[in-house]
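A.B. asks: sequence plus the predicted model coming up.
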Amino acid sequence: MSRQLSTPTAILLGSAMIAAAVYLGLRHGPAAVAPAPGDASHRGEPAPLAGAAERAPGEGAPAAERAPAVPREEVARQAARALDARRPALVERCYKPAIAAQPAPREVKYVFNLTFDAQGRQIARGIIEDREASRPDVTACLVTALPPVAVEPPGANVRVDVPFSLP
């Protein structure tokens, strides 16, 4: 008579072996790589960018390296004004239908994470909901109903957090 493992037993044993291999592999972490002899990073100094010696400071530097010409606080104020200008339309389209269906909570609070490029165009947006005042139906509507926000050109990429609430 030959003995064979049942399918559930084989799956369980295979899963245990994979879990043990992953655990032991992650426990030790990635292997450390020794820096090259002339590498500045092992002394705590930043490594120079390729071509940095040939250009004057601030000349031809990528946008991520340049400081914005417009202060971050001003960009945040401009973004807040742009969101406030859209508030009436968002209340009509997103908030009022949700309140009609379910009256609580009355106020919804968000923080918009907005990133603008050097020309002031929105290149990324995230929404953080306040757990105490959360309405997933309103949030889903905001994601689709809110067009990209624009600000005056800041001169470099800028990321800001803007509080926002409805109504």
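C.D. replies: Cool, the structure landed.
A.B. asks: what's the end-to-end length of stretch 90-108?
C.D. replies: The first and last residues of stretch 90-108 sit 12 Å apart, counting by Cα to Cα, to the nearest Å.
A.B. asks: report the rounded mean pLDDT for that stretch.
C.D. replies: Averaging pLDDT along stretch 90-108 gives 86.
A.B. asks: if we go by neighbour counts, what in that stretch is buried?
C.D. replies: Buried residues in stretch 90-108, defined by neighbour count with 16 or more other Cβ atoms under 10 Å: L90, R93, C94, Y95, A98, I99, V108. Quick note: C-beta positions are derived from backbone N, CA and C, even for glycine.
A.B. asks: do stretch 73-92 as well
C.D. replies: Under 16+ other Cβ under 10 Å, the buried positions of stretch 73-92 are V75, A76, Q78, A79, A80, A82, L83, R86, L90.
A.B. asks: just to check, the third one is in contact with V158?
C.D. replies: Going back to what we said before, that points to Q78. No: at 10.2 Å, Q78 does not count as touching V158 under the criterion of Cβ atoms under 8 Å.
A.B. asks: thank you, goodbye.
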